[in-house]
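A.B. asks: sequence first, then the predicted structure, then my questions.
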Amino acid sequence: MVEPVSEQIERELSRLRWRCRRGMRELDRLFERYLDRAWRQASDAEHAVFLRLLEIEDDKLWHWFMGNDTPTDADLADLVARIRSLPP
């Protein structure tokens, strides 16, 4: 039996929410905000960049999201900027 698309998306989002749990509550909130407000509309390419972002160390992510440093990878830099621009 084939699962409906909406159920597949919700299951994927649930797995991503688990992966987004970090050692820093602030990062958790940034990632949750992205999942809640932008993930469903994002392209497959952006989804791939987000998965790459999840592999980055918390300290580096924190510096990026606070604007103290910028990723050298343009795709990561664009996504960090997009996440930072999402309203609280």
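C.D. replies: In hand now; what should we look at?

A.B. asks: helices or strands up against the helix or strand bottoming out on mean pLDDT in the chain?
C.D. replies: Averaged element by element with mean pLDDT, DSSP states H and E, the chain has its least confident helix or strand at helix 5-19 (a mean of 90). For helix 5-19, the helices and strands in contact under the criterion 3 or more Cβ pairs under 8 Å, 6 or more residues apart in numbering; DSSP states H and E are helix 25-37. C-beta: built from backbone N, CA, C; applies to glycine.

A.B. asks: grab the CA positions of the next helix or strand after the helix it packs on and hand them over as CSV.
C.D. replies: Proceeding C-terminally, helix 25-37 gives way to helix 44-53 as the next helix or strand, assigned by DSSP states H and E. What follows is helix 44-53 as a C-alpha-only set of coordinates in CSV (Å, rounded to 0.1, in the frame of the first residue of the first chain):
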residue,chain,number,x,y,z
ASP,A,44,14.8,19.4,-3.3
ALA,A,45,18.1,21.2,-3.8
GLU,A,46,17.4,23.3,-0.6
HIS,A,47,16.4,20.1,1.3
ALA,A,48,19.8,18.7,0.4
VAL,A,49,21.6,21.8,1.6
PHE,A,50,19.6,21.7,4.9
LEU,A,51,20.7,18.1,5.4
ARG,A,52,24.3,19.2,4.9
LEU,A,53,23.7,22.0,7.4
